[in-house]
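1. Sequence first, predicted coordinates after that:
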Amino acid sequence: MNLLDELRTHRLLAIVRGPDPAAALTAVLTLAESGVALVEVSLTSADALDVIRRARAALGPDYALGAGTVLSAEDARAAADAGAAFLVTPAISASLAEGGRLGLPVLAGALTPTEVVQASSGGAAAVKLFPASLGGPDYLGALRDPFPGTAFVPVGGVDADGARQYLGRGAVAVGVGSPLLGDAVRGGDPAALRERAAAFLAAVRR
Ligand SMILES: O=C(O)C(=O)C[C@H](O)[C@H](O)COP(=O)(O)O
């Protein structure tokens, strides 16, 4: 898949992370049904690889389902085996190069200018600005001056209002976990998740 194209087109990446595999799977499927085109399942979730495997089986081969918090080369390979189509990392790590070897695009985490350079030169499809809440939209704006060609995806503490602001400052997309998922990862009402998904999809619309 072309991760950068997907991010540019859909502008919203949902991050599922939770203690309950059944609830995580339901959340992934609910997000997909709601029109959220890109979802990552964090490997810190309970039975994350099994959740990815089941979600892949339910959603088919073309859905943009990825694995998050992929730090090691071993995790990158396991995520690929489970059916992840892309990898997300919170930092520059061995999984970036391994993604290249596996042919999987990587959204690589970076915070500082030095890390932005390392992520890009390491082959990242896009740079996940993490934790974005540390500097907010102004910090993204400051980074965009020296890196106008870099595709940034802010992650961490991004609510619907923040999503609009980051996109207005030139982010290609935003990544959203708890403000979107809420209690859905602990078995909360899927109808409420559908409503939050609709609100975030409206917030990222051009
Ligand atoms: O999974 C990783 O490696 C991440 O870096 C993602 C972050 O930890 C949060 O999950 C996103 O933050 P919120 O949208 O505030 O919940």
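-> Thanks, I have the structure now. As the structure is a prediction and not an experimental result, all values here were calculated from the model.

2. so what's the residue in the chain positioned nearest to the ligand scoring on pLDDT?
-> The chain approaches the ligand most closely through residue 177 (2.7 Å), counting by CB to the nearest ligand atom. C-betas here are computed from N, CA, C, even on glycine. On pLDDT, residue 177 comes in at 98.

3. got the residues of this protein near the ligand?
-> 15, 17, 42, 68-69, 90, 109, 130, 155-158, 176-179 (CB under 6 Å from any ligand atom).

4. Just the buried ones among these, please.
-> 15, 17, 42, 68-69, 90, 109, 130, 155-156, 158, 176-177, 179 (16 or more other CB atoms under 10 Å).

5. Strands - which of those residues land there?
-> 15, 42, 68, 109, 176 (DSSP state E).

6. Run a quick check on the third one versus residue 38, I expect a contact.
-> No. Counting by CB atoms under 8 Å, residue 68 sits too far from residue 38 to count as a contact (11.1 Å).

7. related to what we said a few turns ago, quick check, nearest of the buried ones among the residues of the chain next to the ligand to residue 120?
-> residue 109 (12.6 Å; CB to CB).

8. Would you agree that closest one is in contact with residue 96?
-> No. Taking contacts as CB under 8 Å, residue 109 lies outside contact range of residue 96: 9.5 Å.

9. who touches both of the two?
-> 89, 119 (CB atoms under 8 Å, 6 or more residues apart in numbering).

10. just the helices in the protein please.
-> 3-10, 21-33, 48-59, 73-82, 94-102, 113-121, 136-144, 160-168, 178-181, 190-204 (DSSP state H).

11. Adding distance to residue 150, write those out as a markdown table.
-> Formatted as a markdown table, the helices of the chain follow (distance: least, CB to CB, whole Å):
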| stretch | distance to residue 150 |
| --- | --- |
| helix 3-10 | 11 |
| helix 21-33 | 27 |
| helix 48-59 | 28 |
| helix 73-82 | 22 |
| helix 94-102 | 15 |
| helix 113-121 | 6 |
| helix 136-144 | 8 |
| helix 160-168 | 14 |
| helix 178-181 | 24 |
| helix 190-204 | 19 |
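
12. Farthest-apart pair in the ones in strands among the buried ones among the residues of the chain next to the ligand, please.
-> So, those by CB to CB: farthest apart are 109 and 176, at 15.1 Å.

13. what residue ranges in the protein score low on pLDDT?
-> The model of the chain has no residue with pLDDT under 70.

14. pretty sure the residue of the chain closest to the ligand contacts residue 13?
-> No. Counting by CB under 8 Å, residue 177 stays clear of residue 13, with 9.6 Å between them.

15. I am finished for the moment; much appreciated.
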